[in-house]
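*Asks:* What follows is a predicted protein model with its sequence.
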Amino acid sequence: MVAAVRWVIGHWWLLVLIAVIASAVGGLWFQRGRQRAEWQRVRARSLRLRIAEMDALDHRAFEFAVRDLMRRDGCTAERIGGAGDDACDVRATDPAGRIWAVQCKHRRDGDRGPAVGVGVLQQVNGTARQVHGADVAVVLTNGRFSSKAVPWGREHRIHLVDRRVLGEWAASCRPLWELLDRIPPSRRPTARS
């Protein structure tokens, strides 16, 4: 033990060298992690999907694509979908603090497939605000809505995103809330409030 201490005292410069090398390696590792995170943010912001790409997805991948589009728009978003999701496939919080509950309905045949009806909207109406605490309830499809679903959704403050709106949102850099009417105000105080 005494010999080891003497050796360390006599070769102190080796400890300094090891500390410098460890600091340099740690700095490089930290910098690369930051670069990777920045590249992921840049890729997420540049996400654009054509409606044909959305049509080609299965229902699960469609839900993940919607989650990723919400993230692109600056939201924190998670995919909940699956059994027991209480009619909410994607739950998100936008930059204004509003909570979004999005029910996704993927149609393999796009707008030629069956229309999304009032029954789906009724399920969302029963859970979006009560279970998920949503400020904004959305039913989103790559297809179409039945003629009865449109007025029913408007009356119950459920936003309907059909094939046309989905295509515009997915292919552009505009956030979803700019494409919808009657979005509730921000939850976060602004400079004017």
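*Replies:* Looks like it arrived, so ask away.

*Asks:* This structure - how does it break down into domains?
*Replies:* Domain ranges of the chain: 2-45, 51-178, per automatic domain parsing.

*Asks:* residues in contact with the nearest residue to A137 once chain neighbours are set aside?
*Replies:* Spatially, and ignoring its direct neighbours in sequence, A137 is nearest to A128 (3.6 Å; C-beta to C-beta, 6 or more residues apart in numbering). The way it works is simple: take the backbone N, C-alpha and C, and place the C-beta from them, glycine included. A128 is in contact with A87, C88, A101, Q103, A134, A137, I158, counting by C-beta atoms under 8 Å, 6 or more residues apart in numbering.

*Asks:* and the domains of the chain, which is most packed in?
*Replies:* Most buried of the domains of the chain, by mean neighbour count (mean count of other C-beta atoms under 10 Å): domain 51-178, with a mean of 18.

*Asks:* average model confidence for that domain?
*Replies:* Averaging pLDDT along domain 51-178 gives 95.

*Asks:* Name the surrounding residues that touch the helix or strand in which Q122 is found.
*Replies:* Assigned by DSSP states H and E, Q122 falls within helix 118-127. For helix 118-127, the surrounding residues in contact (C-beta under 8 Å, 6+ apart) are 86-88, 101, 103, 105, 137, 139, 146, 148-149, 152-153, 156, 158, 160.

*Asks:* Tell me the strands beside whichever helix or strand comes after that helix, with direction?
*Replies:* Under the assignment DSSP H and E, the closest C-terminal helix or strand after helix 118-127 is strand 136-141. Strand 136-141 pairs in its sheet with strand 99-105 (parallel), strand 158-161 (parallel), by DSSP bridges.

*Asks:* could those be laid out in JSON lines, adding distance to V116?
*Replies:* Shown next, in JSON lines, are the strands paired with strand 136-141 (distance: least, C-beta to C-beta, whole Å):
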{"stretch": "strand 99-105", "distance to V116": "5"}
{"stretch": "strand 158-161", "distance to V116": "8"}
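
*Asks:* just so I know, which of those lies nearest R36?
*Replies:* Nearest to R36 among the strands paired with strand 136-141 is strand 99-105 (27.8 Å), distances taken as C-beta to C-beta.

*Asks:* contact partners of that closest one?
*Replies:* 59, 62-63, 66, 70, 75, 77, 81, 87-94, 116, 120, 123-124, 127-129, 132-141, 143.

*Asks:* distance between it and the chain's centre?
*Replies:* With C-alpha atoms, centre = their mean, to the nearest Å as the basis, strand 99-105 stands 11 Å off its chain's centre.

*Asks:* got it, and stretch 2-16?
*Replies:* 55 Å.
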